[in-house]
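>>> How does the following fold in three dimensions:
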Amino acid sequence: MAQTATLRALAEPLLGEVGLELWDLEVSRTSVRFLVDRAEGVDLDSLSDASRVISDLLDHHEELAPPAGYSLEISSPGLERTLRSAEQFRRFVGSELSVKTSRPVAGGRRHRGSLVAVDEVGILLAVEGVPGDPLPIRFDEIERARTVFVWGPGTPGPGARRAGPSTAGTGGTVRMSPDNIRGRRSRSAGAQPSAPGSGTDPAPGLPATGDAPAAHRQKDQSR
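So this is what the prediction gives:
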């Protein structure tokens, strides 16, 4: 956790310099995943900028990356996004949320409803089908929370182009060439944007992200 917090603290100002906000960061034994956002939406150019900044950061701070080979993914949060901080929750007051708690709260661990209020301690959730006062859930009880996109009349279907902070932008993927942990770049290829709808498959072993553009790079740490 301390390693992830350090990486976040280093990445946030660098992404800010290219007009992006670090929405979330996940580090596992085999991957590093950055979710970036901006008010007007994330497009291929902004993801290319983010990929350059983050790649340079990890090349200079190898100790913050998984010790074995790993994949680097940079994408937009998409329509349904994970919420972690109080500030992120505040942005979605009035929105539909799905919340999983680390222990039973009001008899269950999974709750879905409208976010009524947020303070420094936790949230108030008007749970679907439960009359009475909203359910208080403390932040230290939340294992995972995400927004729920509610489909309705006039709502564009999956894959439609959207605008705004919760969008993925134009659609497509920026794919980075493989390189090793010391930052030696492949001379054969660089960042190659693929046109939306081109049918180009993602790099082997890297998941597609629906209609959200993503920048992928594989790091080879074998000596």
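>>> what stretches of the chain score poorly on pLDDT?
Filtered on pLDDT under 70, the chain yields the residue ranges 1, 152-223.
>>> Could I get the full set of helices for this structure?
For the chain, the helices defined by DSSP state H occupy 2-17, 44-60, 86-90.
>>> Now do the residue nearest to His111 when sequence neighbours are not counted: how many residues are near it, please.
For His111, ignoring the flanking residues on the chain, the nearest one in space by CB to CB, 6 or more residues apart in numbering is Val99 at 4.8 Å. Placement of C-beta: from N, CA and C, glycine included. Residues near Val99, counting by other CB atoms under 10 Å, number 23.
>>> so what's Val99 bridging to?
Taking DSSP bridges as the rule, Val99 bridges to His111, Ala145.
>>> before we move on, what about Phe34?
Going by DSSP bridges, Phe34 forms beta bridges with Leu25, Ile74.
>>> all strands for this structure, in order.
21-27, 31-37, 70-75, 96-105, 108-118, 122-127, 135-138, 142-147, 174-175, 179-180, 192-193, 214-220 (DSSP state E).
>>> Throw the ones you listed into a markdown table and include distance to Leu15, thanks.
Converted to a markdown table, the strands of the chain look like this (distance: least, CB to CB, whole Å):
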| stretch | distance to Leu15 |
| --- | --- |
| strand 21-27 | 5 |
| strand 31-37 | 6 |
| strand 70-75 | 10 |
| strand 96-105 | 25 |
| strand 108-118 | 24 |
| strand 122-127 | 27 |
| strand 135-138 | 30 |
| strand 142-147 | 21 |
| strand 174-175 | 15 |
| strand 179-180 | 21 |
| strand 192-193 | 19 |
| strand 214-220 | 12 |
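>>> closest to Gln88 out of those strands?
For Gln88, the closest of those is strand 21-27, at 7.6 Å, according to CB to CB.
>>> can you pull the contacts of Leu22?
Arg8, Ala11, Glu12, Leu15, Phe34, Leu35, Val36 (CB atoms under 8 Å, 6 or more residues apart in numbering).
>>> let's go with 10 Å and repeat that
Counting by CB atoms under 10 Å, 6 or more residues apart in numbering, Leu22 touches 7-9, 11-16, 34-37, 50, 54.
>>> now swap in Arg103 and tell me
Residues near Arg103 by CB under 10 Å, 6+ apart: Arg109, Glu141, Glu143.
>>> How about Ala50?
11, 14-15, 18-20, 22, 34-36, 38, 42, 74-76, 174, 215.
>>> which of the residues you listed are buried?
11, 14-15, 20, 22, 34-36, 38, 42, 74-76, 174, 215 (16 or more other CB atoms under 10 Å).
>>> Out of those, which comes closest to Pro131?
For those, the nearest to Pro131 is Leu35 (35.8 Å; CB to CB).
>>> gap between that closest one and Gly132?
Note on Leu35: its distance to Gly132, by CB to CB, to the nearest Å, is 35 Å.
>>> which residues does Val18 contact?
Counted by CB under 10 Å, 6+ apart, Val18 has contacts Val36, Arg38, Asp45, Ser46, Ser48, Asp49, Ala50, Arg52, Val53.
>>> Number of residues surrounding the closest residue to Ser28 other than its chain neighbours?
Using CB to CB, 6+ apart and skipping the chain neighbours, the partner closest in space to Ser28 is Pro66 (7.1 Å). With neighbours defined by other CB under 10 Å, the count for Pro66 comes to 16.
>>> again with the one 3 residues further on
Look at Gly69: counted by other CB under 10 Å, it has 15 neighbours.
>>> cool, Val127 as well?
There are 19 residues near Val127, going by other CB under 10 Å.
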